[in-house]
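*Asks:* This is a predicted model, with the sequence first.
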Amino acid sequence: MDQTIYTIPVMVDKKIYRDFALFNCFKRQKSYRSPAIFTGSFLIFAAICFLMRNRTEQAVLLGSVLASIAIILPAVYFGTFFHSIQVQSKKLKLQTPQYAYTVQLGTAEEGIEVTSKKEKQAKVTCKWSEALEAWRNKDCIYLFISSRQAFLLPDGQGGVSTEELWKLLSERMEPSKLHG
């Protein structure tokens, strides 16, 4: 790669992993919408049943069942999600920071290069113009090179602040791809 500006060996711990998982699922992909719509619609049906309690037998029972389902199923969904984050964190041994990959960001068109030692020095390169998007959170920048592949750039790693990284990304990527 030509004219490397930043070389960042990325260390990931449990907090960084959890924050990214929450961000990706609930903010970027908006996965909370389906459970929210489900809960809202079942609660409306339950309210209708409760309003019909004087006209129809067992309306209160049906309303109670619908309200219970409206609360229990999303609770199970979110509980399973948070549990899977815990399990994956333990599996990846993230109680202590673990080396994940090294990101090199440069000025050349092929400006993004990621090297991982886990797959025998596997290397991913991406042109700035092909990078999908970048999101800035308070402690980390999430650089997506595809809809399913992101690289985390935590604050202060490699001696680089998120301010400096965001400035470089702002210079190299289209403004529509940056979400601050």
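*Replies:* Sure thing, it's come through.

*Asks:* As a check, name the ranges of all strands in the protein.
*Replies:* Ranges of strands within the chain are 4-12, 98-106, 112-116, 122-126, 133-136, 140-146, 149-154, 178-179, based on DSSP state E.

*Asks:* now the angle between strand 112-116 and the second one, please.
*Replies:* Following axes from the mean of the first three to the mean of the last three CA atoms, to 10 degrees, one obtains 160 degrees for the angle between strand 98-106 and strand 112-116.

*Asks:* any idea which of the strands of the chain scores lowest on pLDDT?
*Replies:* Per-stretch mean pLDDT for the strands of the chain is lowest at strand 122-126 (a mean of 85).

*Asks:* which parts of stretch 74-88 are buried?
*Replies:* Pro74, Ile85 (16 or more other CB atoms under 10 Å). Using the backbone N, CA and C atoms, a C-beta is placed for each residue, glycine as well.

*Asks:* roughly how far is that stretch from the heart of the chain?
*Replies:* Mean C-alpha position of stretch 74-88 versus that of the full chain (CA atoms, centre = their mean, to the nearest Å) differs by 14 Å.

*Asks:* That one - what's its average pLDDT?
*Replies:* What stretch 74-88 shows for mean pLDDT is 96.

*Asks:* could you redo the strands of the chain as CSV and give each row distance to Gln86?
*Replies:* Putting the strands of the chain into CSV (distance: least, CB to CB, whole Å) gives the following:
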stretch, distance to Gln86
strand 4-12, 15
strand 98-106, 16
strand 112-116, 24
strand 122-126, 27
strand 133-136, 23
strand 140-146, 20
strand 149-154, 18
strand 178-179, 27
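
*Asks:* can I get these in JSON lines with mean neighbour count and distance to Ala59?
*Replies:* Converted to JSON lines, the strands of the chain look like this (neighbours: other CB atoms under 10 Å; distance: least, CB to CB, whole Å):
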{"stretch": "strand 4-12", "mean neighbour count": "17", "distance to Ala59": "52"}
{"stretch": "strand 98-106", "mean neighbour count": "18", "distance to Ala59": "55"}
{"stretch": "strand 112-116", "mean neighbour count": "19", "distance to Ala59": "59"}
{"stretch": "strand 122-126", "mean neighbour count": "14", "distance to Ala59": "58"}
{"stretch": "strand 133-136", "mean neighbour count": "20", "distance to Ala59": "47"}
{"stretch": "strand 140-146", "mean neighbour count": "20", "distance to Ala59": "48"}
{"stretch": "strand 149-154", "mean neighbour count": "20", "distance to Ala59": "49"}
{"stretch": "strand 178-179", "mean neighbour count": "14", "distance to Ala59": "47"}
